[in-house]
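>>> Fold the following, please.
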Amino acid sequence: MGWRGILGFEYGIVQAPLGPDIAGPELVAAVANAGGLGLLRAPDWESPEYLKELIRKTRMLTDKPFGVGVVLAFPHKENIKAILEEKVAVLQLYWGECSKELVLEAHNAGVKVVPQVGSVEEAKKALNVGVDAIIVQGREAGGHVIGQEGLISLLPQVVDLVGDRDIPVIAAGSIVDARGYVAALTLGAKGICMGTRFLATHESYAHPTYKRKLIEHDKTEYTDVFGRARWPGAPHRVLQTPFFCDWKSLPVHENETTQPIIGRSIIHGVQRTLTWLLHSKRGIALSISKDRSLE
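Down below sits the predicted model:
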C-alpha cells in the first residue's frame, strides 16, 4: 500500500500544511523521518527570512526530504523565492492558479510542485502546466475548502483525467485510518493527505485544549460562520462544540470584522489580533493568548 518510489518518498502519506503555524519543524521532521511527506506552512504574509529559518530548523531534525505549503491567495512571491532558494523537496500550492512559469522556476531549482485542487477544471489546469503530482481535496476536509464536490465522486474523475501519465493523484478529505487509505487506493489514488489526523500529535503546535477537544467531540457540521471575510465562499467542516452551537445561527451579514477584539496571539513570530470568529480552529472559541496558546 506504500507510495514507494513516487517523488522519492517511502510511503503514500502526506501531512497537510496545517495552518496557520501548527505544522512546525518538529511535526514535519517526525513525518519525514517516518517515511512520509511532511509539509511546513508558509506564513500568510511575506516573511522569507523567517521561512528560511523554519526550513533550516527542520533540516536540523531530519535528513529526509520535506516540503512547504503556500496559500496563493495571500502575499507569497518572496516566500516562494525563499523556498526555491532553500531547495526543499516539494512546493505545495493551494487557493490560486499554479502558473507554468512557476513550475519551470521550481523545476530549475530542483523542487517538485504539487498543487491541491477541488475540481476537475483545476486539475486540468494543473496538468497543463506540468506539475509533479496533484492533491484532490473533497468538501469533507476540515479546512476552508475551495471545491464543493465530495471526494468519492471527484477523485476518480481526476484519476481518469490523469490517465497513464506519471503524475500521482493524492486523496484528501476525511481520511483518518487504513480503511480510508484503502478506499482512496481503490478509487485510483497513489497516496493520501491528512490534516486533522496530525493535529493531536505530540509534535503539533496546536494548543492542548484544542487537542483535547478533538478527542472529546466526534460530531461535525458544515458551516461558513468562521472566517466569512477572510475566506469568502469557503465553508468548512467544524466540531460541534458548545461555542459553535451558540454561534452557528449568526446572521449572514455578520462576520469576524464586526466582532469585538478579544486578544492577541503570536503566529509565525508576529502578533496577531483575535476576534471571536477569526481563526476559530474549527469551532473552538479563542481567547486572549500568549505565544501559541489558542484557548
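
>>> For the stretch 151-295 of the chain, which segments count as strands?
169-172, 191-194, 220-223, 236-239, 261-267, 270-275 (DSSP state E, counting those that start in this stretch).

>>> Just the buried positions in stretch 44-54, please.
Buried residues in stretch 44-54, counted by 16 or more other Cβ atoms under 10 Å: Asp44, Glu46, Ser47, Pro48, Tyr50, Leu51, Leu54. The C-beta positions use only the backbone N, C-alpha and C, and glycine is treated the same way.

>>> ok, then the element right after the host helix or strand of Ala82?
Element membership of Ala82, judged by DSSP states H and E, is helix 77-86. For helix 77-86, the following helix or strand on the C-terminal side (DSSP H and E) is strand 90-94.

>>> So what touches that next one?
7, 17, 37, 39, 65-72, 80, 83-84, 106, 111-116, 132, 135, 146 (Cβ atoms under 8 Å, 6 or more residues apart in numbering).

>>> next one: it to chain centre, how far?
9 Å (Cα atoms, centre = their mean, to the nearest Å).

>>> That one - which strands sit beside it in the sheet, and in what orientation?
strand 67-71 (parallel), strand 112-117 (parallel) (DSSP bridges).

>>> which of the strands of the stretch 151-295 of the chain is buried the deepest?
Burial of the strands of the stretch 151-295 of the chain is given as mean neighbour count (mean count of other Cβ atoms under 10 Å); strand 169-172 ranks first at a mean of 27.

>>> Distance-wise, check the closest residue to His268 other than its chain neighbours relative to Ala16.
Spatial nearest neighbour of His268, excluding adjacent residues (Cβ to Cβ, 6 or more residues apart in numbering): Pro43 at 4.2 Å. From Pro43 over to Ala16 the distance is 16 Å, taken as Cβ to Cβ, to the nearest Å.

>>> Next: Ala106.
For Ala106, the distance to Ala16 (Cβ to Cβ) stands at 19 Å.

>>> Looking at those two now, which is surrounded by more residues?
Remark: of Ala106 and Ala16, Ala16 carries more neighbours, 28 against 24, as counted by other Cβ atoms under 10 Å.

>>> residues in contact with the more buried one?
So Ala16 contacts Ala23, Leu39, Gly69, Gly143, Ala172, Cys193, Met194, Gly195, Phe198 (Cβ under 8 Å, 6+ apart).

>>> Put together JSON lines for those, with pLDDT on each row.
Output for the contacts of Ala16, formatted as JSON lines (pLDDT from 0 to 100):
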{"residue": "Ala23", "pLDDT": "94"}
{"residue": "Leu39", "pLDDT": "98"}
{"residue": "Gly69", "pLDDT": "97"}
{"residue": "Gly143", "pLDDT": "79"}
{"residue": "Ala172", "pLDDT": "96"}
{"residue": "Cys193", "pLDDT": "95"}
{"residue": "Met194", "pLDDT": "95"}
{"residue": "Gly195", "pLDDT": "92"}
{"residue": "Phe198", "pLDDT": "95"}
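
>>> Confirm for me that Cys98 is in contact with Ala126.
Yes: between Cys98 and Ala126 there is a contact under Cβ atoms under 8 Å: 5.9 Å.

>>> List phi and psi for the residue located most distally from the centre of the chain.
Relative to the centre of the chain, the most outlying C-alpha is that of Pro251, 28.3 Å out, by Cα atoms, centre = their mean. Dihedral pair for Pro251: phi -50, psi 150, per degrees, to the nearest 10.
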